[in-house]
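Engineer: could you work out the structure for the sequence below:
(2 chains)
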Amino acid sequence: MSNIVRRSLLVHHSTIHLRFHSNLTPSSPNSNKLFVGGLSWAVDEKSLKDAFSSYGEVTEVRIMYDKDSGRSRGFGFINFSKGDDAKTAKEAMDGKALLGRPLRISFALEKVRGGPVVVPRISGVGDVTRLNN
DNA sequence: GTTGAGCGTT
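Structural biologist: Here you go, the predicted structure:
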């Protein structure tokens, strides 16, 4: 009888270990940067800074605007001087409404340009003999 | 004139 050809999945899963920041749930006040979402399209940096500067010293407030329309994308970033204040502001303003729209605050992911980019080193794939050494 | 979850440039 015909034998069911077993799919030889001997390809393992390679040894690609994608290491993220090992923190998929940024609930740690280790970062002083807060991600603010759910912002109204009428909210500006001044309003945010004015609303968050009351909980701590805001050193940086950045709202992402669209390059086509020039309207705010509805999210921004707030940089506090202390992570503790950021956590306080987060726990304090998260869920609250600003300009008629509820805010969604969470710790921002450190997007660093030219940061520690983890290069997946593929090993055991073909006869790749040290192409990257 | 609109829309509605998300993660950004100097």
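Engineer: going by C-alpha atoms from here, please, whenever you check contacts or count neighbours.
Structural biologist: OK.
Engineer: outline the domain layout of chain A.
Structural biologist: Recorded structural domains for chain A (assignment: automatic domain parsing) are A:1-24+A:115-133, A:25-110.
Engineer: mean confidence score for the first one?
Structural biologist: What domain A:1-24+A:115-133 shows for mean pLDDT is 47.
Engineer: just give me the neighbour total for A:A89.
Structural biologist: Other residues near A:A89 number 20, with proximity taken as other C-alpha atoms under 10 Å.
Engineer: give me the phi and psi for the residue nearest to A:Y55 when sequence neighbours are not counted.
Structural biologist: In space, and not counting its chain neighbours, A:Y55 is closest to A:A89: 5.6 Å by C-alpha to C-alpha, 6 or more residues apart in numbering. Backbone geometry at A:A89, expressed as degrees, to the nearest 10, gives phi -70, psi -40.
Engineer: wait, what's in contact with A:A89?
Structural biologist: Counting by C-alpha atoms under 8 Å, 6 or more residues apart in numbering, A:A89 makes contact with A:F52, A:Y55, A:G56.
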